[in-house]
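**Q** Kindly generate the corresponding structure for this input.
(one chain, ligands or ions: 1)
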Amino acid sequence: MGCGACAGLHPGHIEMVETVDHAWRPRCITKDSRQGQVAEQSVRICPGSQTHYRPEEDCEAVDTTLFDEWGPVLEVWEGHAGDDELRYRGSSGGLVNALALYCIEKGGMRGALHVKARKDIPFLNESSISCDRSALLEGSGSRYAPASPCDRLHEVEEGQNPVVLIGKPCDIAAAHNAARERPGLNDKLGLTIGIFCAGVPSIAASFDLMRHLDSEDPSSVQELRYRGQGWPGNMTVVASKEGGETHRASVSYETGWGEILQKKRQWRCHVCVDHTGELADLSVGDPWYRDVSPEDPGKSLLVVRTRRGQRILREAIQAGYVVVERRSTSILPASQQNLLRTRGSLWGRLATLRLMGMPYPRYTGLKLFGVWKKRLSLREKAQSFYGTALRVFRKRLFISESWKHFNAHIHSSRRAS
Ligand SMILES: Cc1cc2nc3c(=O)[nH]c(=O)nc-3n(C[C@H](O)[C@H](O)[C@H](O)COP(=O)(O)OP(=O)(O)OC[C@H]3O[C@@H](n4cnc5c(N)ncnc54)[C@H](O)[C@@H]3O)c2cc1C
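**A** Have a look, this model is predicted:
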């Protein structure tokens with residue numbers, strides 16, 4: 001999926017490399033005798049291969065009416081960062097980074113592992129452990145491009161104090177899988193915050209965006225922003241022009257996402273079951289259940305998923321780091337109708353892959369058939385089958401050697417575990 005967990009657990013053996021048409025991908029860089037073992041452990045923790053979702057009995061406080069579609073939901077809140085700049089520069093209300101800042105300044109945590117734009121190549125992302133407000137601010141806003149926050153998990157495991165992990169649902173699932181194998185890492189993950197995610201566009205999608213904004217030459221790009229500085233904020237490119245002039249152009253978030261970026265999401269995102277960070281302590285997205293005016297300074301929707309998340313949220317509210325109001329849990333489905341439809345189609349998509357003999361991710365602990373049956377119309381049900389089959393042919397997935405290779409690893413690792 002490009003999360004980087006395999007590289008994060010095996011530094012010196014695996015590194016992440018960017019691919020223009022997909023996302024970051026792992027590459028083995030050693031040939032020593034541990035290679036087989038490293039590969040096997042990597043596939044075992046890979047969220048692209050398998051993830052077990054917590055059964056609802058884990059916490060008696062979860063809203064059982066929401067569990068099958070949204071995972072464990074203890075509470076839903078809406079609000080923003082107490083710090084105006086974190087709010088302004090944030091993707092929606094800056095809640096994610098405000099919570100991380102609380103954990104660093106008051107919660108005894110060392111920093112936050114998250115991603116930000118590279119300074120030298122602004123259309124690529126890099127992961128970073130940010131230890132203060134200004135470092136966190138550099139990572140404000142969503143990066144609608146591949147990012148591998150888990151590639152630095154070894155630094156989390158080796159550090160003295162716990163760290164906050166911020167990532168997409170797949171990043172959180174990867175860390176969750178890895179922490180089950182490495183108790184030392186588990187102890188150092190002080191809080192996990194998942195951002196909602198409808199899928200990651202490839203680097204090629206960012207090139208399309210830059211072209212749309214009249215920046216043909218990627219090497220001239222000085223800044224590429226996808227959101228933030230307003231809610232949701234515009235997609236903006238700043239590039240240098242001949243003669244030392246600066247070119248600045250923007251497109252609305254709706255156009256940038258709807259007409260450009262989302263067309264080039266990596267394949268794996270189409271068969272992803274978790275778009276809201278179900279394995280995180282807290283997860284954050286947009287409260288799209290209501291219309292947003294251009295003057296709205298931004299709010300985030302926050303889902304409390306664990307007791308630990310609940311405790312840290314209470315403390316951050318008390319300390320003034322976040323300003324939030326409790327909402328009915330029903331605003332979650334009302335805000336994210338598209339993600340609900342995607343969840344509904346998952347059972348059909350996975351069944352099609354199985355029927356075609358293609359590799360497919362294994363999700364346990366979920367009742368996907370029931371959601372498919374309940375949420376989709378007859379037409380949508382049929383579409384979940386033939387749409388997937390068409391995609392397999394269009395994307396020529398069946399002839400890819402690397403998929404066959406990956407499949408072999410998946411089978412051997414599943415047998416082993
Ligand atoms: C690819 C993508 C798809 C998304 N799809 C949806 C959606 O369908 N529905 C929805 O409600 N919200 C979606 N979001 C999330 C939303 O854009 C906001 O991230 C969320 O509302 C949190 O806002 P905030 O202001 O509280 O976060 P901020 O305080 O701005 O913090 C955002 C944090 O997210 C981290 N981050 C940014 N980009 C990435 C990335 N690519 N990978 C890992 N971590 C990253 C940053 O490092 C930062 O710490 C998506 C985000 C991304 C990156």
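**Q** Thr64: neighbour count?
**A** 10 (other C-beta atoms under 10 Å). C-betas here are computed from N, CA, C, even on glycine.
**Q** Run through the protein and note the low-pLDDT ranges.
**A** Counting by pLDDT under 70, the chain shows low-confidence ranges at 55-58, 399-417.
**Q** Outline the domain layout of it.
**A** According to automatic domain parsing, the chain comprises the domains 5-202+270-335, 203-262, 341-416.
**Q** How far does the shortest one sit from its chain's centre?
**A** Average the C-alpha atoms of domain 203-262, do the same for its chain, and the two points are 21 Å apart (C-alpha atoms, centre = their mean, to the nearest Å).
**Q** Could you give the bridge partners of the closest residue to the ligand within the stretch 151-300 of the chain?
**A** In the stretch 151-300 of the chain, the residue that lies nearest the ligand is Gly285 (2.9 Å; C-beta to the nearest ligand atom). When bridges are taken as DSSP bridges, the partners of Gly285 come out as Leu301.
**Q** show me what contacts it?
**A** 92, 195-196, 276, 300-301, 303, 335-336 (C-beta atoms under 8 Å, 6 or more residues apart in numbering).
**Q** how about 10 Å then?
**A** 91-92, 95-96, 194-198, 275-277, 300-303, 332, 335-336, 339 (C-beta atoms under 10 Å, 6 or more residues apart in numbering).
**Q** go on, Val237?
**A** 122-123, 206, 209-215, 220-225, 247-251.
**Q** swap in Asn234?
**A** 225-228, 249-256.
**Q** can you tell me which of those are in helices?
**A** When DSSP state H defines the helices, the subset of these inside them is 253-255.
**Q** The closest residue to Leu95 other than its chain neighbours: neighbour count?
**A** Spatial nearest neighbour of Leu95, excluding adjacent residues (C-beta to C-beta, 6 or more residues apart in numbering): Ser300 at 3.8 Å. By the criterion of other C-beta under 10 Å, Ser300 has 28 neighbours.
**Q** before we move on, what about Arg394?
**A** For Arg394, using other C-beta under 10 Å, the count is 8.
**Q** Could you tell me which residues of the stretch 301-417 of the chain lie near the ligand?
**A** 336, 339 (C-beta under 6 Å from any ligand atom).
**Q** most packed of the domains of the chain?
**A** Neighbour counts (mean count of other C-beta atoms under 10 Å) averaged over each of the domains of the chain peak at domain 5-202+270-335, with a mean of 20.
**Q** what sits against Gln310?
**A** Contacts of Gln310 by C-beta under 10 Å, 6+ apart are 59, 61, 74-75, 281-282, 304.
**Q** could you redo the last one with a cut-off of 8 Å?
**A** So Gln310 contacts 74-75, 304 (C-beta under 8 Å, 6+ apart).
**Q** Remind me which helix or strand Ala175 belongs to.
**A** helix 169-181 (DSSP states H and E).
**Q** ok, and what's touching the host helix or strand of Val371?
**A** For Val371, the host element (DSSP H and E) is helix 368-375. Contacts with helix 368-375, where a contact means C-beta under 8 Å, 6+ apart, come from 68-69, 273, 340-341, 343-348, 350, 381, 384.
**Q** So which of those residues are in helices?
**A** Among these, the members found in helices (DSSP H) are 68-69, 340-341, 343-348, 350, 381, 384.
**Q** Same list (those residues) but as TSV, adding distance to Gln37.
**A** Below are the ones in helices among the contacts of helix 368-375 laid out as TSV (distance: C-beta to C-beta, whole Å):
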residue	distance to Gln37
Asp68	37
Glu69	38
Leu340	40
Arg341	41
Arg343	35
Gly344	39
Ser345	37
Leu346	32
Trp347	34
Gly348	36
Leu350	29
Lys381	43
Ser384	38
